[in-house]
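Participant: Sequence and predicted structure below; questions after.
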Number of protein chains: 2
Amino acid sequence: MDFDSIIIRYGGEMGIKGAWTRRLYERHLLRNMKNALKHYQVPCDEIIRKYGRLYLKTSSVKEACLGLSKVFGISSLSPAVETTSILSDVVDKSLLLAGSALHQGNSFAVRCRRKGDHPYTSLEVCREVGHRILEEFHERSLRVELENPDVELGIEIREDKAFIYMTRMEGAGGLPLGTQPKVVCLLSGGIDSPVACWLAMRRGCPMVPVYFDNAPFTDETTTSRAITVAKALFEWSVGFPRRMYVVPHGQNLTEFEEKCPKRLTCILCKRMMYRVAERIADMERAEGIVTGDAIGEQASQTLRNLRVLTTAAEKYPIHRPLLGFDKAETERLARKIGTYNLSTQRAKGCTAAPNKPATSADPQGVTEAEKSLSIDEMVDRSIKALKVVEV
Amino acid sequence: MDFDSIIIRYGGEMGIKGAWTRRLYERHLLRNMKNALKHYQVPCDEIIRKYGRLYLKTSSVKEACLGLSKVFGISSLSPAVETTSILSDVVDKSLLLAGSALHQGNSFAVRCRRKGDHPYTSLEVCREVGHRILEEFHERSLRVELENPDVELGIEIREDKAFIYMTRMEGAGGLPLGTQPKVVCLLSGGIDSPVACWLAMRRGCPMVPVYFDNAPFTDETTTSRAITVAKALFEWSVGFPRRMYVVPHGQNLTEFEEKCPKRLTCILCKRMMYRVAERIADMERAEGIVTGDAIGEQASQTLRNLRVLTTAAEKYPIHRPLLGFDKAETERLARKIGTYNLSTQRAKGCTAAPNKPATSADPQGVTEAEKSLSIDEMVDRSIKALKVVEV
């Protein structure tokens, strides 16, 4: 059985927005879908928007589903067969689909939703199709079971068209990318930061990844890992710029090591990152900074340290979508979005990290330590030295 | 078959901490467990800590599991039977357990872990127990199946003791409550804020809930809903103070309505909440403020508005654990933690909320609007009028 259409559902949160906002969000969604289809070289004959659904007509249903599964805002997808709303056509196509999906002894259910004027009710369609399936495939000993059937046959009738489907693939969820302003994302290439970026993207924010190159305290393995991870993340934002900022950070780390208490190195390093990120947010007109911190996961992420870190950001909020995540949850999500295997590639850990990092940094101690540095000059120097990489 | 023990696992993130931190976390975990058992009036004879596990001896296994399922830091629990590490004892108890759990035609597997010196290997234990089960329950046509068996029999041998179990209940996860400093949580009583509080608690932060009473723009139904929700949340922090702050906020709202652009009301309201929360954080020695915001969920939660809101907090970070959550995920979690049904009770919505709220507030416009108010006096007045409620 060859499918020729896809039913695209995007209800949920978009459905409860006001009419004006919903239309705007639908426009973003349609644009992102078209970009994804083009990127995956999927021919797309037509996209119909009807009664809060989208119906895509294409000869490459499988490839289209793959591409659309990475478009935020879509809650679920169903490969479907299109026909007219004439009952005999609906029955014929339903029999074709059922014939290919139902095996000996299977239970099944027929569900129908209908919009428009028709000479039948939804219930009548279900009954007629169910009856004809039992009759046609008599020898397979099928049975109707409305709760927990082996196979569900869905029929959506929309005015003069009908779509028949069986499976429902989970979509990426969230809100269409671009419905919120940009965020600057601190992307180390480890397991956490890509997941945090992805969560912000899923809520509509295009990402501007910033990688801090700690060489000579790290090496090219660390940098290439971050670039690989960024590439994988950009697969979720087809049509948006694939620009990544690489900021040389080694000299800053050397200064922290030389002039400040060793136990504060990670705190000072992150505070500097926030400051540079704020400058990049200015340049990119972003509205926030995203990090992969989870409370208490690492020494630098105790609640007290997060407080001391946050004060370094003066203009933009530091958004930490993983604050309440357990490591196992973050890893599960990293696998789902395709960054886990990339983030766990061998890369050199930062050798500037102290053996005994401060877990409860004192704000005054940090202010004191920073007094021995020329913070503004260090930020300027970092910004001047940054490279923009197309990944 | 009566269980007399519980195996308590807390590996995961606690397992990879340094020795000093792990011991500290274990102490917190033990204290919280004892408090939970006392709260649920569960007699507890003994808790043994061995090889990164806890073994609890009790005559009320079911009640103990219920109480411990709300203790953060525990990754999983198994009701168990204790015996000696003598092989014949292990076999006898295993047969008793297997006899009550295995039915006609079932497949099963025996798994054994062993620590200490014994005259047998783990594999030998598995073989012997499996062999004896097949023999003893011959008439039930059982079969061994190592992958995906119907029933799994677990045996943990720890020096001179052995524990035999079958099921593994998911624990609350996270880190023991109290291993991080307190957080002030803005608790409205709606669906989102309790989930955000719970996530912060799960990462070890005791919560100090603050409810803003918007009367006369809301009424007592809204307040009593918030108190009910707080009560449910405190079930996850047995042994910690059950104190909630109730701040009269109606007069503040009236001033916003009278003196400022109507479309900014929600922004000004939240900024005032942050300021009051900062004062409470000072009083409580908390280290951060937790809110239930998710990017783009409501008009006040656009990325731009979150930025404008955040600048009102000067001393403490605003932590938003739900930033990247879809509404459906938040609702699923609310059901799991027991607040969903309470949060969806009928309560009066705030009538001060404008029909057309600003979705992209201009920082300068907000500063301008606040100039017409005596912000510091309003904060002082709110703090003076607050009530502390034991819930």
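Facilitator: It's in. The model shown is predicted, which means the values in this text are computed figures rather than measured ones. Numbering: from 1, shown residues only, chains lettered A, B, ... in the order given.
Participant: Does the residue of chain A most remote from its centre belong to a helix, a strand or coil?
Facilitator: Using CA atoms, centre = their mean, the residue of chain A lying farthest from its centre is A:Glu139. It sits 45.7 Å away. Assigned with DSSP: H, G, I helix; E, B strand; the rest coil, A:Glu139 falls in the helix class.
Participant: How much space separates it from chain B?
Facilitator: Counting by CB to the nearest CB, to the nearest Å, the gap from A:Glu139 to chain B is 29 Å. (Each C-beta comes from the backbone N, C-alpha and C, glycine too.)
Participant: What residues does whichever residue of the stretch 101-250 of chain A sits closest to chain B make contact with?
Facilitator: Residue of the stretch 101-250 of chain A nearest chain B, by CB to the nearest CB: A:Leu199 (2.7 Å). Listed by CB atoms under 8 Å, 6 or more residues apart in numbering or on different chains, the contact set of A:Leu199 reads A:Pro321, A:Leu322, A:Leu333, B:Leu323, B:Gly324.
Participant: Tabulate the CA atom coordinates of the one helix or strand it maps to in CSV.
Facilitator: Under the criterion DSSP states H and E, the helix or strand holding A:Leu199 is helix A:192-202. What follows is helix A:192-202, C-alpha atoms only, in CSV (Å, rounded to 0.1, in the frame of the first residue of the first chain):
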residue,chain,number,x,y,z
ASP,A,192,24.3,18.7,28.8
SER,A,193,24.7,21.9,26.8
PRO,A,194,23.3,20.6,23.5
VAL,A,195,20.2,19.3,25.3
ALA,A,196,19.7,22.7,26.9
CYS,A,197,20.1,24.4,23.5
TRP,A,198,17.6,22.0,22.0
LEU,A,199,15.0,22.7,24.7
ALA,A,200,15.3,26.4,24.1
MET,A,201,14.9,25.8,20.3
ARG,A,202,11.9,23.6,20.9
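Participant: Going by neighbour count, which residues in it are buried?
Facilitator: Residues A:Asp192, A:Ser193, A:Pro194, A:Val195, A:Ala196, A:Cys197, A:Trp198, A:Leu199, A:Ala200, A:Met201, A:Arg202 are the ones in helix A:192-202 that count as buried (16 or more other CB atoms under 10 Å in any protein chain shown).
Participant: Turn these into CSV, columns for pLDDT and distance to A:Gln180.
Facilitator: Putting the buried residues of helix A:192-202 into CSV (pLDDT from 0 to 100; distance: CB to CB, whole Å) gives the following:
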residue, pLDDT, distance to A:Gln180
A:Asp192, 97, 21
A:Ser193, 98, 19
A:Pro194, 98, 19
A:Val195, 98, 18
A:Ala196, 98, 15
A:Cys197, 98, 14
A:Trp198, 98, 14
A:Leu199, 98, 12
A:Ala200, 98, 8
A:Met201, 98, 9
A:Arg202, 98, 11
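Participant: Next, work out how far apart the residue farthest from the centre of chain A and A:Gln104 are.
Facilitator: 9 Å (CB to CB, to the nearest Å).
Participant: can you check A:Val71 too?
Facilitator: 38 Å.
Participant: Look at those two and report which has more neighbours.
Facilitator: It is A:Val71, of A:Val71 and A:Gln104, that has more neighbours when counted by other CB atoms under 10 Å in any protein chain shown, with 26 against 9.
Participant: unless I'm mixing things up, the more buried one is touching A:Met33, no?
Facilitator: Yes - contact status for A:Val71 versus A:Met33: in contact at 5.5 Å, counting by CB atoms under 8 Å.
Participant: Tell me the first helix or strand C-terminal of the helix or strand of chain A at the bottom of the mean pLDDT ranking.
Facilitator: Least confident helix or strand, chain A: helix A:12-15 with a mean of 84, by mean pLDDT, DSSP states H and E. For helix A:12-15, the following helix or strand on the C-terminal side (DSSP H and E) is helix A:19-39.
Participant: Need the residues that contact that following helix.
Facilitator: Residues from elsewhere that reach helix A:19-39, judged by CB under 8 Å, 6+ apart: A:8, A:10, A:14-15, A:17, A:44, A:47, A:49, A:54, A:56, A:58, A:64, A:67-68, A:70-74, A:175-179, A:238-239.
Participant: try 7 Å this time
Facilitator: Contacts to helix A:19-39, defined as CB atoms under 7 Å, 6 or more residues apart in numbering or on different chains, come from residues A:10, A:14, A:17, A:44, A:47, A:49, A:64, A:67-68, A:70-71, A:73, A:175-179, A:238-239.
Participant: likewise stretch A:284-291?
Facilitator: So stretch A:284-291 is in contact with A:181-186, A:193, A:196-197, A:200, A:208, A:274, A:277, A:281, A:313, A:316-321, B:303-304, B:306-307, going by CB under 7 Å, 6+ apart.
Participant: How far does that stretch sit from its chain's centre?
Facilitator: 17 Å (CA atoms, centre = their mean, to the nearest Å).
Participant: Could you pull out the buried residues of that stretch?
Facilitator: A:Glu284, A:Ala286, A:Glu287, A:Gly288, A:Ile289, A:Val290, A:Thr291.
Participant: Redo the residues you listed as TSV? Include pLDDT and secondary structure.
Facilitator: Shown next, in TSV, are these (pLDDT from 0 to 100; DSSP: H, G, I helix; E, B strand; the rest coil):
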residue	pLDDT	secondary structure
A:Glu284	98	helix
A:Ala286	98	coil
A:Glu287	97	coil
A:Gly288	98	coil
A:Ile289	98	strand
A:Val290	98	strand
A:Thr291	98	coil
